[in-house]
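Q: predicted model and sequence follow; I will ask about them next.
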Amino acid sequence: STAEFDVRPGGEVHSFSRSLGDFSCTFTYSAQGGTNEQWQMNVGVSEDSGLFSCSIWRPQGKSYLFFTQFKAEVKGAKIEYAMAYSQAAVGALSDIPLKQEEFEITETTVSHREGKFRFELSKLVIAAKTSRDEL
């Protein structure tokens, strides 16, 4: 399921969440400059319910806002893979990942790393393993 939301500048901390069954994904950020941008969040669960995915991105490919902080958090699952991008793919342009030192990944969050993050964010992708027991 995909939902649209506005990423708002002004320096205040904002949050946007989507839930799917037992799982949820929350994007928290603060940004400066420019005007509101339309972003999207997509959450999904694999057929066997073993994997929960959450993607957050700007469909236009690049955000012109200056992000001072960001965090994406999943509940109900543990992060297996996550990546943050300064530019999202659009047309002939491809995703441009942040440098590894710009962000950090824990079991449940992907977030900016203070002092290393260069304020550019256009896309976040998370794949998390659900904690249900295998039969």
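A: Cool, the structure landed.

Q: buried ones in stretch 106-114, by neighbour count?
A: Thr109, Val110, Ser111, His112 (16 or more other CB atoms under 10 Å). (C-beta placed from N, C-alpha, C; glycine too.)

Q: got phi/psi on the spatially closest residue to His14 that is not a sequence neighbour?
A: Using CB to CB, 6 or more residues apart in numbering and skipping the chain neighbours, the partner closest in space to His14 is Arg8 (5.8 Å). Main-chain dihedrals, Arg8, degrees, to the nearest 10: phi -110, psi 130.

Q: residues in contact with Arg8?
A: By CB atoms under 8 Å, 6 or more residues apart in numbering, the residues touching Arg8 are His14, Ala31, Asn36.

Q: just the buried residues of those residues.
A: Of the contacts of Arg8, these count as buried by 16+ other CB under 10 Å: Ala31.

Q: now the contacts of Arg8 in a markdown table, with secondary structure?
A: Below are the contacts of Arg8 laid out as a markdown table (DSSP: H, G, I helix; E, B strand; the rest coil):
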| residue | secondary structure |
| --- | --- |
| His14 | strand |
| Ala31 | strand |
| Asn36 | coil |
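
Q: what ranges does this structure have for its strands?
A: 2-7, 14-20, 23-32, 37-45, 51-57, 66-75, 77-87, 96-97, 103-105, 109-112, 123-130 (DSSP state E).

Q: make CSV from these and add mean pLDDT to it.
A: Shown next, in CSV, are the strands of the chain (pLDDT from 0 to 100):
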stretch, mean pLDDT
strand 2-7, 97
strand 14-20, 97
strand 23-32, 98
strand 37-45, 98
strand 51-57, 97
strand 66-75, 98
strand 77-87, 97
strand 96-97, 97
strand 103-105, 98
strand 109-112, 98
strand 123-130, 97
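
Q: most tightly packed of those strands?
A: Highest mean neighbour count of the strands of the chain: strand 51-57, a mean of 23 (counted as mean count of other CB atoms under 10 Å).

Q: quick revisit: which of the buried residues of stretch 106-114 lies at the shortest distance from Ser55?
A: Val110 (11.4 Å; CB to CB).

Q: show me the contacts for that closest one.
A: Taking CB under 8 Å, 6+ apart, one finds Lys71, Ala72, Ile79, Ala82, Ala84, Phe103, Glu104, Leu124, Ile126 in contact with Val110.
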